[in-house]
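1. coordinates for the following, if possible.
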Amino acid sequence: MNFWTGLILGIIIGWLVEWIIDWLFWRRDAEEASLLVEERLSASTGTEWETRLSDAENEYQARLRAVEDEWQARLNLNEQQWQAQFSTLEAANTDLRSRLTDVMALSTLAAAGAAPEREAADAFVTDELSVEGVAIGDADEVITGAAVKAFDDDLSAGIWSGDLPAVEASGLAQLDELDSDIVERLHLAGIDSVDELAEADPAGLSVALGLAPDETEQWIARAAAVLPEDSVPVSIDVETLTDVDVEQIALPPIDVEAFVEAEALSLAEADSEVGRGPVVVSVEVEAPQADDLTRVRGIGPKYSATLSAAGITSFEQLAAASPDELRNIIKPSAMQKLNFESWSMQAAALAGTTEPQTGDDLTLLDGIGPVYAAKLRENGIISFADLAAADEARLGAIIDAPAWRRIQYGDWIAQAELAASGDKIALREFQDRLFRREGDNLTLVYGLGDRSATALQAAGIDSFATLAEATPQQLESILQEAEIRGGFDYEAWISEAGLRATGKRVPRTRAKSVQVVACPQDLSAVDGIGTVYEDRLYAAGIGSYWSLAELPEEELAGILESHAGVDLAAIKSSAMQLAVDTGSLGRSWSGSPPDDFEVLAGIGEIYERRLYEAGICTYEALAATSPERLAEICQAPAMQTPDYAAWVSTAAALAAGRSG
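-> Now for the predicted structure:
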């Protein structure tokens, strides 16, 4: 290959390489441009579809509004038609009552044996000479022209026109071929009898009935054809009636004996009442029943009196009051955190209920607080007599307090004996001696617990005198620094400490006791709570109807992880109602997990719920319960008595296996 051949081949190869490189770069740029075009096309398509969807939505809404307007117009038209028919019916009823009154007056005249003298006729002539379906007078009775003229003095015209009464009723039923549709139309036009139809104006009636004029005239002619001959309209000149022989207007003879006899009893009773004067009916209006508002948690005697002074004396009135209204009535201080919404919910649930029989308030005894009182009640000690009959060993087993508390159960029993006997003076003296012996125990102040007392003592407030000199702001600051949730009624603490510092004993009065129990309640019984929501509530430490009802809706929604369709207000209302029905207002769950009793043979959901409510929710507690007590709790039918002894033995084995 010579020089020129190699040069040509080199040029060709170089050109091919350059072309390939250009083609590769062009392809890359083309792909990018294509992607860009596709992206823009997609965006344009998306915008177009959004516009179409928007237009379709607007069109749908417009059509929906048009349909709603059309149906509303139809409803309004129907309502107007019904109102017109109702007005016509009312007018017909009024006319019927008026005619019935005239009939009763005439029957009274006949029953009294009225003579045809002019004076009697003058007294009982009515303003109509005809009553539909009733004939006036008897064979010998006539009405004189003077009587008619004396009765009709107030007529502005001298001519009165009326129908002489017919012997037989002239209802539309006499027209055999008249169907129910035309009867209804005639009724709406104010025509309910044959004589009214016979006298109707054909042109006006044709429009009212929506019938052809010829057909309307035919019905009028048929009505005129069936009219009795003695029901022909007459015209009486009142001014010249005095010169007319009364026999010319004598009424047709009618036997009214049947009617008089049928009404004799009621007429006699009515006549016996005449002349006795007005009957005075004494109606005793019972005052609204006042409810015990202290049954609502958060309302004590003081707040109850304040609400009563403002006119709120019942649960219904309290439930109807808004939180702002209650706040204006109570006027709480800035440090008080009162849940007025809870008051209304509790009142709504308590409305219509009666005061439960809960025994005596054991917290009136020194040394017994809400927690200990709840434990005593769970074990059957609900009255002073029950406590007086208990021994110290049993009380120690029930309370199970740590040794450092050194609780004097003998003092409880002694106080209970005095309270059960009703010796209030001796009880007060005994409690005064206990108070002087205990000294400045800050936990004696109502609402001040062990943690709060410890925090106050660490801050230098270790006596009633120093507590009485503190301010609410100081107390709130101390508790906040100790990481204790504040918001207590510090003014009440300071006031009670001042009394105790002077040596005066302050009795503890509590409307409700706080119950902290080891067993949760069956939250699936609340409307809207299933097993999934129940597990989430248990995991969050919510194990009682009361705690669920007191949760703010925002917090409840967060726990349930609910969607917008869940009615949180209905859930809270149902929980509050269950708290009232089960007598568990104020109950809270300690958070200790219960055991599943349904793994035991013979225990289902019902028995498990009853055991939980009785405070038995662990294998250890079930193993320590006697079969007799289990039978009392479960209340099983006689034909299906469970093997309670097997429950106890199985629970003991499960508890031993867990501890071992």
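2. I'd say residue 297 and residue 349 touch.
-> No: counting by CB atoms under 8 Å, residue 349 is not a contact partner of residue 297; they are 11.3 Å apart. Placement of C-beta: from N, CA and C, glycine included.
3. helices or strands up against the helix or strand harbouring residue 413?
-> Using DSSP states H and E, residue 413 sits within helix 409-421. With contacts defined as 3 or more CB pairs under 8 Å, 6 or more residues apart in numbering; DSSP states H and E, helix 409-421 has these neighbours: helix 384-389, helix 392-399, helix 424-438.
4. can I get those helices in JSON lines with distance to residue 21?
-> Converted to JSON lines, those look like this (distance: least, CB to CB, whole Å):
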{"stretch": "helix 384-389", "distance to residue 21": "104"}
{"stretch": "helix 392-399", "distance to residue 21": "95"}
{"stretch": "helix 424-438", "distance to residue 21": "102"}
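5. compare those helices and give me the one nearest residue 657.
-> Among the helices and strands packed on helix 409-421, helix 392-399 comes nearest to residue 657, with 24.5 Å by CB to CB.
6. quick one, what contacts residue 389?
-> By CB atoms under 8 Å, 6 or more residues apart in numbering, the contact set of residue 389 is empty.
7. swap that for residue 206, please
-> 212, 213, 215, 216.
8. could you do residue 380 as well?
-> Neighbouring residues of residue 380 by CB under 8 Å, 6+ apart: residue 386.
9. considering the contacts of residue 206, which possesses the most neighbours?
-> residue 216 (23 neighbours; other CB atoms under 10 Å).
10. separation between it and residue 223?
-> 11 Å (CB to CB, to the nearest Å).
11. in this structure, where's the longest helix?
-> Longest helix in the chain by number of residues (criterion: DSSP state H): helix 3-111.
12. and it, how far out from the chain middle?
-> 39 Å (CA atoms, centre = their mean, to the nearest Å).
13. which elements pack onto that helix?
-> helix 118-124, helix 180-188, helix 257-273.
14. repeat that for 6 Å
-> helix 257-273 (3 or more CB pairs under 6 Å, 6 or more residues apart in numbering; DSSP states H and E).
15. residues of the helix or strand just after the helix it packs on that come out buried?
-> Beyond helix 257-273 on the C-terminal side, the first helix or strand identified by DSSP H and E is helix 301-309. By 16 or more other CB atoms under 10 Å, the buried positions in helix 301-309 come out as 303, 304, 306, 307.
16. which residues of the stretch 501-650 of the chain fall in helices?
-> Ranges of helices within the stretch 501-650 of the chain are 531-539, 545-550, 553-560, 568-581, 605-613, 619-623, 627-634, 644-659, based on DSSP state H, counting those that start in this stretch.
17. list the buried ones in the helix holding residue 413?
-> Neighbour counts over helix 409-421 (16+ other CB under 10 Å) mark 409, 411, 412, 413, 414, 415, 416, 417, 418, 419, 420 as buried.
18. neighbouring contacts of it?
-> The contact list for helix 409-421 (CB atoms under 6 Å, 6 or more residues apart in numbering) reads 365, 367, 384, 385, 387, 388, 392, 395, 426, 427.
19. for that helix, the averaged confidence score.
-> Across helix 409-421, pLDDT averages out at 90.
20. report the inter-axis angle for it versus helix 392-399.
-> Orientation check (axes from the mean of the first three to the mean of the last three CA atoms, to 10 degrees): helix 409-421 against helix 392-399 gives 100 degrees.
21. and helix 409-421 with helix 424-438, angle?
-> Interaxial angle of helix 409-421 relative to helix 424-438 (the same axes, to 10 degrees): 160 degrees.
22. any idea how far helix 409-421 is from the middle of the chain?
-> That offset, for helix 409-421, works out to 45 Å (CA atoms, centre = their mean).
23. what's the answer for stretch 469-476, then?
-> 43 Å.
24. buried ones in it?
-> 470, 472, 475, 476.
25. how about the CA coordinates for it, as CSV?
-> Backbone C-alpha positions of stretch 469-476 (Å, rounded to 0.1, in the frame of the first residue of the first chain) are rendered in CSV as follows:
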residue,chain,number,x,y,z
GLU,A,469,-47.9,31.7,106.3
ALA,A,470,-47.1,30.6,102.7
THR,A,471,-48.7,31.9,99.6
PRO,A,472,-50.3,29.8,96.8
GLN,A,473,-47.5,31.0,94.4
GLN,A,474,-44.8,29.7,96.8
LEU,A,475,-46.5,26.3,97.1
GLU,A,476,-47.0,25.9,93.4
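26. now do it, average pLDDT.
-> The average pLDDT within stretch 469-476 is 90.
27. how much space between residue 656 and residue 649?
-> Separation of residue 656 from residue 649 (CB to CB): 11 Å.
28. show me the shaky parts of the stretch 451-600 of the chain.
-> 503-515, 563-564 (pLDDT under 70).
29. looking at the helices and strands packed on helix 409-421, which is closest to residue 552?
-> helix 392-399 (33.8 Å).
30. low pLDDT regions in the stretch 1-150 of the chain?
-> In the stretch 1-150 of the chain, residues with pLDDT under 70: 1, 102-150.
31. per-domain residue ranges of this protein.
-> Per automatic domain parsing, the structural domains of the chain span 1-85, 108-270, 296-350, 362-501, 515-659.
32. nearest to residue 92, of those domains?
-> Comparing those against residue 92 with CB to CB, the closest turns out to be domain 108-270 (6.7 Å).
33. so which of the buried residues of stretch 469-476 belong to helices?
-> With DSSP H as the criterion, helices contain 472, 475, 476 from among these.
34. and the first one, how far from residue 16?
-> It refers to residue 472. 96 Å.
35. cool, the second one as well?
-> According to CB to CB, residue 475 stands 96 Å off from residue 16.
36. need the residue closest to the centroid of the chain.
-> Centroid-nearest residue in the chain, with CA atoms, centre = their mean: residue 348, separated by 8.1 Å.
37. how about the closest residue to that residue other than its chain neighbours, what does it touch?
-> Spatial nearest neighbour of residue 348, excluding adjacent residues (CB to CB, 6 or more residues apart in numbering): residue 319 at 3.9 Å. Listed by CB under 6 Å, 6+ apart, the contact partners of residue 319 are 344, 347, 348.
38. quick one: buried residues of the helix or strand hosting the first one?
-> Okay, so that is residue 344. Here residue 344, judged by DSSP H and E, is contained in helix 340-350. For helix 340-350, the neighbour count (16+ other CB under 10 Å) marks 340, 342, 343, 344, 345, 346, 347, 348, 349, 350 as buried.
39. closest one of these to residue 568?
-> residue 345 (12.4 Å).
40. lovely, talk soon.
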